[in-house]
Structure formats: C-alpha cells, structure tokens
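Novice: I would like the atomic coordinates for the input below:
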Amino acid sequence: MGVSWIEFKGKKILYANFLNMKDDAQNRQILELEMKMIAQSAEPVLLLVNLEGATMSPESSQYTKEQLMKFGPKVVKSALVGITGFKPVIVDGIGRAVSGLNQRIFSTLDEAKEWLVS
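Specialist: Numbering: from 1, shown residues only. The predicted structure follows:
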C-alpha cells in the first residue's frame, strides 16, 4: 500500500496502491500523497491505481472527485485495476467530473501498464 514512482518500458508511472484497503483514514492518506505527487510533478503524469479488494465510503469518493478536479489536468492517462461490481459506475462518475481525463479500467496491472505507456 502507498504511492510511488515506478518505471515500465522506460516511462515513469505514478502507482497508487490501495490493495485491500478498507480503512477510510488510510485511503485518504494515500490519496493525499497521490495528489501531492501529481501536483509536484514537472511533467504530465501517467497514473496507475490498484483498487483490488479496496472499499471506499461515499465521503472518500467525493474527496477523490474534488482532488482530481484540482490536479486531474496533469494526468495524461489514468489506468484503474480492481474495479468490479457497482464500482465502475462510481469511477465513471468521477472520471466524467474531471474534464478530459483519459481513464480506463483493466483486469490486471500488466494490461494497465501496457496501455499507459502505449
């Protein structure tokens, strides 16, 4: 869990790992670090978010949307992994709130990374 820069095929990707995260306070802490790293990036950001097994409250979803509206324009592509059940509807709503966000959902981290660097 956490946020870090990774490299894949010579390109930098910001990786936010919410794997099995159930605690809203921890979710928010990771999200705040993710947004700080996006804001500090001198270059446009390729973003990979792992939400496998994670749950997010409506308040956290709203906070995510608010933060992405501020910093989302720096994100060139956003790849999400672990979105199942009703979650795609929430994610789609957040994505539409951020004008121009190029966001897709993938089944695996490898598929997501391949799309990000393509």
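
Novice: Show me where the chain has its strands.
Specialist: Using DSSP state E, the strands found in the chain span residues 2-8, 11-17, 45-50, 75-81, 103-106.

Novice: elements contacting the last one?
Specialist: Looking back up the chat, that one is strand 103-106. Judged by 3 or more C-beta pairs under 8 Å, 6 or more residues apart in numbering; DSSP states H and E, strand 103-106 is in contact with strand 75-81, helix 87-97, helix 109-117. Glycine gets a C-beta too; all of them are placed from N, C-alpha and C.

Novice: same thing with the third one?
Specialist: Using 3+ C-beta pairs under 8 Å, 6+ apart as the contact criterion, the elements in contact with strand 45-50 are strand 11-17, helix 24-40, strand 75-81, helix 109-117.

Novice: follow-up on the earlier one: so which of the strands of the chain is nearest residue 118?
Specialist: Residue 118 sits nearest to strand 75-81 of all the strands of the chain, at 8.9 Å, using C-beta to C-beta.

Novice: now that closest one and strand 45-50, what's the angle there?
Specialist: Orientation check (axes from the mean of the first three to the mean of the last three C-alpha atoms, to 10 degrees): strand 75-81 against strand 45-50 gives 10 degrees.

Novice: Contacts for strand 75-81, please.
Specialist: 38, 44-52, 68, 91, 95, 101-109, 112-113, 115-116 (C-beta atoms under 8 Å, 6 or more residues apart in numbering).
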